[in-house]
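> Kindly return the folded structure for what I paste below:
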Amino acid sequence: QVQLVESGGTLVQEGGSLRLSCAASGRTFSIYAMGWFRQAPGKEREFVAAINWSGGNTYYADSVKGRFTISMGNVKDLVFLQMNSLKPEDTAVYYCAAFTTDGRELWGQGTQVTVSS
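Next comes the predicted model:
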């Protein structure tokens, strides 16, 4: 099994920055990509960013391009989401996800990000 643990969510003012972390543990050898999703109150969960382990290719939702950066840590199975120029509409629970070579999607418990105006 793979466990994902997110951290870093908190209350921040509009225009501020925040970095989220996600640590994967367990049978991580099957992970080929990791990403971040978010879910605001009353809305569906949406894609934010993803990174491919092998080539380091990154992907972003249009709403966060130029403001958010996903990256891998120096230690394998660690991924970050650097969020700059935060807006109130970025307020959501942010979930880390891992995608495995055998077709599984794995999720963390989520971390709350609140951006005050």
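> what residue of this structure is the furthest out?
residue 117 (22.5 Å; Cα atoms, centre = their mean).
> Check that one and give its pLDDT.
As summarised for this prediction, residue 117 has a pLDDT of 94.
> again, but for residue 29
87.
> same question, residue 75
Residue 75 is given a pLDDT of 68.
> now swap in the one 10 residues further on and tell me
Here the pLDDT value assigned to residue 85 is 98.
> For my notes, confirm it occurs in a strand.
No: using DSSP: H, G, I helix; E, B strand; the rest coil, the assignment for residue 85 is coil, not a strand.
> So it sits against residue 13, correct?
No: between residue 85 and residue 13 there is no contact under Cβ atoms under 8 Å: 11.4 Å. Placement of C-beta: from N, CA and C, glycine included.
> Would you double-check that residue 29 falls in a helix?
Yes: Residue 29: assigned to a helix according to three-state DSSP.
> Enumerate every residue touching residue 35.
Neighbouring residues of residue 35 by Cβ atoms under 8 Å, 6 or more residues apart in numbering: 47, 48, 49, 50, 51, 59, 70, 96, 97, 99.
> Select only the buried ones of those in PyMOL?
Filtering those down to the buried ones (16 or more other Cβ atoms under 10 Å) takes a single PyMOL command:
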select buried, resi 48+49+50+51+70+96+97+99
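> Out of the contacts of residue 35, list just those in strands.
47, 48, 49, 50, 51, 59, 70, 96, 97, 99 (DSSP state E).
> Next one: the first one relative to residue 31, how far apart?
When Cβ to Cβ, to the nearest Å is the yardstick, residue 47 and residue 31 sit 17 Å from each other.
> Now name the helix or strand holding the most centrally placed residue in the chain.
Note on the chain: the residue nearest the mean C-alpha position is residue 36, at 2.7 Å, using Cα atoms, centre = their mean. Element membership for residue 36, per DSSP states H and E: strand 31-39.
> Repeat that for residue 15.
Counting by DSSP H and E, residue 15 is part of no helix or strand.
> you'd agree residue 89 is in a helix?
Yes: residue state for residue 89 (three-state DSSP) corresponds to a helix.
> Pull the contacting residues for it.
40, 63, 115.
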